[in-house]
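In: Take this sequence and fold it.
(chains A and B)
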Protein chains: 2
Amino acid sequence: MQTLSIHCSKSYNILIGQGLLDQAGEIISPLCPDSKMCVITDSNVKDLYGGDNNPLYRSLKQAVHKVFEYVFPAGEASKTMTTIEGILDFLAAHHFDRNDVLIALGGGVTGDMTGFAAAIYMRGIRFIQIPTTLLACVDSSIGGKTGVDLPAGKNLAGAFWHPELVVIDPAVFATLTPDLWRDGLAEMIKAGMIADASILQDLAVQTETVAGQTEPFADSLDPIRNLTSLIVKALQVKAAIVEADEREAGQRQLLNFGHTIGHAIEECSNFAISHGHAVAIGSVLAAAGAERLGWSSAGNADLLRDLLLKYGYDLDPGFDAPALANAALSDKKRRGDQITIVYPVRPGNCKLKLLPIDDLQQFIAFGLDYLMP
Amino acid sequence: MQTLSIHCSKSYNILIGQGLLDQAGEIISPLCPDSKMCVITDSNVKDLYGGDNNPLYRSLKQAVHKVFEYVFPAGEASKTMTTIEGILDFLAAHHFDRNDVLIALGGGVTGDMTGFAAAIYMRGIRFIQIPTTLLACVDSSIGGKTGVDLPAGKNLAGAFWHPELVVIDPAVFATLTPDLWRDGLAEMIKAGMIADASILQDLAVQTETVAGQTEPFADSLDPIRNLTSLIVKALQVKAAIVEADEREAGQRQLLNFGHTIGHAIEECSNFAISHGHAVAIGSVLAAAGAERLGWSSAGNADLLRDLLLKYGYDLDPGFDAPALANAALSDKKRRGDQITIVYPVRPGNCKLKLLPIDDLQQFIAFGLDYLMP
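Out: This is a model prediction of the structure:
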């Protein structure tokens, strides 16, 4: 087991190790020996770990916790204030108090909503993140951003609220589909491009071993060697940025590389294109747009595109520049008449630039010229 | 104009002065010169200050702000997640971003909801409190507690989120009904009992001038001399406690004097008994229960009861001990098997005591024996 610590407005640990889910009870108990627990999860994860076969529940109950479970329908469409109300009403009906604890068992939607419910139930109770997707593991499970979507856009309601603990068991990723693997890899590639080029090198080498496979990420972890090491590297990138700028006044915006256009792609597709895939496409578009405008020398867009294609990503955004620009402008990252663009200077180094919102459509069009000539 | 400052996780000013509402634009503008504003208010306040006759809007617009308005139906029944969703959707539809500002113009319900909406819109934007009731002025407008009710109980969802500024114009209280005056006085009496006996003395002297009046608080400020001075004293009590214990880990619980039973009275009456009146009754019950149990010597319950009766309060809670105890146990202040009771030791000094939840009904029954023998 490896332990990473993050120190921002709150300090907490991230534990990473094969098989940790079976020990969750022993790990969690000392933090909150007298607390009731509510595991919040979605219908997919519930089906995978059903009932008493759930190693988490078994281990929590062995540690003599009273464990409740709240299940919502899987999918981004559930990430709403209505689901949050359902969770809050459930907690109140079961007399949860300020000493009790929520556990997010699932992907990003589950983690974001559980964290938000914890942030606002009785003005804030504790919660624990147990990500079951690679994407949630390297991205949303740390850093304190929680929230839900509004009809007008993604993540428009939320709070900064940190978990007490993050427990990562890479064994649970064995059940992920190739598309879910790619969702997580996209965020690892993003972390590499922002601050650790060795992640990109590690992933570039590995693809050689899977070249020619039609499904490079089958039902095993084999295709990605050193997975735990890559996860740790990606988490170190994120932790360092969050520690430097928790509230996203500056540097933390780097983590939005690929996200401004990525969120627009997700929205235009009505979430048929997943977050990770949309971010992957958005990162190439941003890199190519920046090269065309002379913000950086050539090469970064090629590197990203080639790496993503080797890992089997479909890079067709499916929407034109006007549609994407329009969707992007309802994004939180807009400030007045400008929007912050994150672009790569070189592998392992990204920068921020304010772009007038009137120029965004042209910027996206430049990216599309490159990606879909 | 008097200025009080509060220094906790955030420092901000409270401005108190007759006629400040007319100058709100000039006062607010320097804090956020380029921001859009959304005034959030209820249907009653809207009727009082309708449209362009609203001195606040006129003064904000003179300061060249783009001003939006969101009106919800007056009353505690509106203090729900559904209303919050309506506000958030409105802000998103009008492209509010992280630089924009909400203004709570109204009583406690308006302030609590506006603060909560500000806390969670885009994970937190700024807001300004302009209380239009004496109760909101001396109680909820400072201290950072925001939130809404859930079906299971009052204020069960919320956040700690502080305003940028609080603007108090006692002239607006001229429109309050006697019952609304009493709601505010109850919190001033509470502040006096907790930490400043001179508030109680000032109020005891004043009642002599209104003895025999059937409506001691008519449509003018005359019955309460030195109103601004009393407001400042009550705010100083609250500010000092919030500064010492913002998150209510200890001392801040003193501000809940009268509230544990008070909230239960409100709930049992389905909010027909107002917050201030319920707190007034709850404070006498807590004082009398504590005396019966020997936690304090006699005299405090008498002092509170006599002062409240002189000011025309109806002290009949209307519910018996089992009903009140049951309602109180769904309260946030419950921790596991105990509940925190605040009781007066002497005027200007209150203490906290943990009571086993099984003893709460008896405690309330002792109070009722005293109040309704």
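In: At the contact with chain B, which residues of the stretch 1-150 of chain A appear?
Out: Contacts of the stretch 1-150 of chain A with chain B, taken as C-beta under 8 Å from any C-beta of the partner chain, map to A:34, A:81, A:84-85, A:88-89, A:92-93, A:95, A:97-99, A:116, A:119-124, A:145-147, A:150. C-beta: built from backbone N, CA, C; applies to glycine.
In: one more time with 7 Å
Out: Counting by C-beta under 7 Å from any C-beta of the partner chain, the stretch 1-150 of chain A comes close to chain B at A:34, A:81, A:85, A:88-89, A:92-93, A:97-99, A:119-123, A:145, A:147, A:150.
In: Can you show me the helices along the stretch 51-200 of chain A?
Out: Using DSSP state H, counting those that start in this stretch, the helices found in the stretch 51-200 of chain A span residues A:55-62, A:81-93, A:108-120, A:134-138, A:178-195, A:197-210.
In: just the stretch 201-350 of chain A next, same as before
Out: Along the stretch 201-350 of chain A, counting by DSSP H, counting those that start in this stretch, helices occupy A:227-244, A:259-268, A:275-292, A:300-310, A:321-328.
In: Run the angle between the fourth one and helix A:178-195 for me.
Out: I take that to be helix A:300-310. Inter-element angle recorded for helix A:300-310 and helix A:178-195: 160 degrees (by axes from the mean of the first three to the mean of the last three C-alpha atoms, to 10 degrees).
In: which of the residues in helix A:300-310 are buried?
Out: By neighbour count on 16 or more other C-beta atoms under 10 Å in any protein chain shown, the buried set for helix A:300-310 is A:300, A:301, A:303, A:304, A:305, A:307, A:308, A:310.
In: quick one, what contacts the closest residue to the fifth one other than its chain neighbours?
Out: Distances taken as C-beta to C-beta, 6 or more residues apart in numbering or on different chains put residue A:284 closest to residue A:305, at 5.2 Å, once the chain neighbours are dropped. For residue A:284, the contacting residues are A:301, A:304, A:305, A:308, A:315, A:371, by C-beta atoms under 7 Å, 6 or more residues apart in numbering or on different chains.
In: Likewise for residue A:325?
Out: Listed by C-beta under 7 Å, 6+ apart, the contact set of residue A:325 reads A:360, A:361, A:364.
In: Look up phi and psi at the last one.
Out: The reference is to residue A:364. phi -70, psi -40 (degrees, to the nearest 10).
In: before we move on, the earlier item: the residues of the stretch 1-150 of chain A next to chain B, buried ones only, as a PyMOL selection?
Out: Buried residues within those, by 16+ other C-beta under 10 Å, are selected in PyMOL with:
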select buried, chain A and resi 81+85+88+89+92+97+98+119+120+121+122+123+145+147+150
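In: how does chain A divide into domains?
Out: A:2-174, A:178-371 (automatic domain parsing).
In: And these, which one averages the lowest pLDDT?
Out: With a mean of 88, domain A:178-371 has the lowest mean pLDDT of these.
In: got the domains of chain A as JSON lines, with distance to residue B:352 columns?
Out: Output for these, formatted as JSON lines (distance: least, C-beta to C-beta, whole Å):
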{"stretch": "domain A:2-174", "distance to residue B:352": "15"}
{"stretch": "domain A:178-371", "distance to residue B:352": "33"}
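In: how about those, which one is nearest residue B:270?
Out: Ranking these by proximity to residue B:270 (C-beta to C-beta) places domain A:2-174 first, at 17.4 Å.
In: end to end, how far does that closest one reach?
Out: Domain A:2-174 has an end-to-end distance of 19 Å (C-alpha to C-alpha, to the nearest Å).
In: what separates the closest residue to residue A:337 other than its chain neighbours from residue B:106, distance-wise?
Out: Closest residue to residue A:337 apart from its sequence neighbours, by C-beta to C-beta, 6+ apart: residue A:357 at 5.7 Å. When distance is defined by C-beta to C-beta, to the nearest Å, residue A:357 is 34 Å away from residue B:106.
In: Off-centre distance for stretch A:91-109?
Out: Here stretch A:91-109 is found 20 Å from its chain centre; the criterion is C-alpha atoms, centre = their mean, to the nearest Å.
In: Okay, buried residues for that stretch please.
Out: Going by neighbour count (16+ other C-beta under 10 Å), the buried part of stretch A:91-109 is A:91-92, A:96-98, A:100-109.
In: Of those residues, which is the nearest to chain B?
Out: Of all these, residue A:92 has the smallest distance to chain B: 3.4 Å, by C-beta to the nearest C-beta.
In: Now the stretch 101-250 of chain A against chain B: closest residue?
Out: Closest point on the stretch 101-250 of chain A to chain B, by C-beta to the nearest C-beta, is residue A:152, at 3.4 Å.
In: is it true that that residue touches residue B:92?
Out: Yes: counting by C-beta atoms under 7 Å, residue A:152 does reach residue B:92; the two are 3.4 Å apart.
In: can you tell me which residues contact the closest residue to residue A:246 other than its chain neighbours?
Out: Nearest non-adjacent residue to residue A:246, counting by C-beta to C-beta, 6+ apart: residue A:8, 4.3 Å away. Contact analysis of residue A:8 by C-beta under 7 Å, 6+ apart lists A:242, A:243, A:246.
In: Please consider this matter closed, and thank you.
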